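Trainee: This is a predicted model, with the sequence first.
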Amino acid sequence: MIIDAHYHLEERMETVDRMLDQMNRHGISCIALIPTMQDPFHFGRIAEKSSAVMRKALTGRLRSAGLRMYRSLVTADGKFLVMNERYPIYDEPDNESVARVMQAHPDRFCGWIFVNPRVADPMAEVEKWVGKPGWIGVKTHPFMHRYPVAMLDDVAASCGDKGLPILLHLGGDRERGDYRYLPERHPNLKVLYAHAGVPFYRELWDYVKKKDSVFVDLSSPYLDEPLRLSAVKALGAEKCLYGTDGPYGYPDTDGLYDHGKILNEILQWPLPDADKERIIGGNFIEITGS
């Protein structure tokens, strides 16, 4: 079974019908949806080159410069910055939008409950949706929503008790990027770091491989194929989940999102079939219990 663990529902960029067509084309059984969190944007060639420069810096000797580039993607007034264009970030993502899609297609979509403790009670939002069909965990974004990881303490304790994983996109400073905080404070909590642990990558991998309940997904243009494969080699297939971060980046021939791009990379890797099966779906089922 193939499951995309990380996809943003953004119907202004890709309709549900188009998603379903792509899922059928590529054999994807299920997509785990996340409510959109900013106005629509597109990666052009210049943005792709800039992303590659940042990625090289973050994984090489110019790490401090890479971190500055990464932090600059979110402005002080809460905008997402892409090549001098500013896109408003939504402080309260609409979980209801994901609920509607799951209700219409319960066999094809599941959902992450998106919370932002900086502006609203995250526990109230979790309790609103937890236990209802389709919801598989909690999504958090200390980077774009600009809060320290420690603000997730109560949610993490609740998720640990309920057996729900947390999907977390780290910031680039000490408080927003503290990848040790939740695993150390909540050892029973299942933590899934987005985009192979951007912006820390190998530093984070050294930590994650020693923790039974901590994982990474392989989604997004924050990575390229060599870096994805490096994550798998460093962590083992049992620690890595297939995801896309669509509909951002990786255009298909029609200009819309190519759901097969990252998937086909994984399927062609020189790994045992059992490892590939864990990455593209088995780990997700094990972690979420779905």
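Mentor: Structure received.
Trainee: Can you show me the CA trace of stretch 253-269 as PDB?
Mentor: C-alpha atoms of stretch 253-269 as PDB (Å, rounded to 0.1, in the frame of the first residue of the first chain):
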ATOM      1  CA  THR A 253       3.600  18.100 -17.800                       C
ATOM      2  CA  ASP A 254       0.300  20.000 -17.300                       C
ATOM      3  CA  GLY A 255       2.000  22.400 -14.900                       C
ATOM      4  CA  LEU A 256       0.200  21.000 -11.900                       C
ATOM      5  CA  TYR A 257       1.700  18.800  -9.100                       C
ATOM      6  CA  ASP A 258       3.400  15.600 -10.100                       C
ATOM      7  CA  HIS A 259       2.500  13.000  -7.400                       C
ATOM      8  CA  GLY A 260       4.900  10.500  -8.900                       C
ATOM      9  CA  LYS A 261       8.100  12.500  -8.700                       C
ATOM     10  CA  ILE A 262       9.300  11.500  -5.200                       C
ATOM     11  CA  LEU A 263       7.500   8.200  -5.200                       C
ATOM     12  CA  ASN A 264       9.400   7.100  -8.400                       C
ATOM     13  CA  GLU A 265      12.700   8.100  -6.900                       C
ATOM     14  CA  ILE A 266      12.100   5.800  -3.900                       C
ATOM     15  CA  LEU A 267      10.900   2.900  -6.000                       C
ATOM     16  CA  GLN A 268      14.100   3.100  -8.100                       C
ATOM     17  CA  TRP A 269      16.500   3.200  -5.200                       C
END
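Trainee: Residue 59 and residue 218: what is the separation?
Mentor: With the distance defined as CB to CB, to the nearest Å, residue 59 ends up 15 Å from residue 218. (C-beta placed from N, C-alpha, C; glycine too.)
Trainee: Lowest mean pLDDT among the helices and strands, pick that one out for this structure.
Mentor: One helix or strand of the chain scores below all others by mean pLDDT, DSSP states H and E: helix 45-58, with a mean of 90.
Trainee: Which is the succeeding secondary structure element to that helix?
Mentor: Sequence order places helix 63-71 as the next helix or strand after helix 45-58, per DSSP states H and E.
Trainee: okay, now the closest residue to residue 54 other than its chain neighbours: neighbour count?
Mentor: Nearest residue to residue 54, sequence neighbours excluded (CB to CB, 6 or more residues apart in numbering): residue 69, at 4.3 Å. Using other CB atoms under 10 Å, residue 69 has 19 neighbouring residues.
Trainee: show me the contacts for residue 237.
Mentor: By CB atoms under 8 Å, 6 or more residues apart in numbering, the contact set of residue 237 is 271, 274, 275, 276, 278, 279, 283.
Trainee: mind saving the C-alpha coords of the least confident helix or strand of the chain as PDB?
Mentor: Extracted in PDB, the C-alpha atoms of helix 45-58 (Å, rounded to 0.1, in the frame of the first residue of the first chain):
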ATOM      1  CA  ARG A  45      13.400  28.100 -11.700                       C
ATOM      2  CA  ILE A  46      15.100  30.800  -9.800                       C
ATOM      3  CA  ALA A  47      13.400  29.700  -6.500                       C
ATOM      4  CA  GLU A  48      14.500  26.100  -7.200                       C
ATOM      5  CA  LYS A  49      18.100  27.300  -7.600                       C
ATOM      6  CA  SER A  50      17.900  29.300  -4.400                       C
ATOM      7  CA  SER A  51      16.500  26.300  -2.600                       C
ATOM      8  CA  ALA A  52      19.400  24.200  -3.900                       C
ATOM      9  CA  VAL A  53      21.900  26.700  -2.700                       C
ATOM     10  CA  MET A  54      20.300  26.800   0.800                       C
ATOM     11  CA  ARG A  55      20.200  23.000   0.900                       C
ATOM     12  CA  LYS A  56      23.900  22.700   0.000                       C
ATOM     13  CA  ALA A  57      24.800  25.300   2.600                       C
ATOM     14  CA  LEU A  58      22.800  23.500   5.300                       C
END
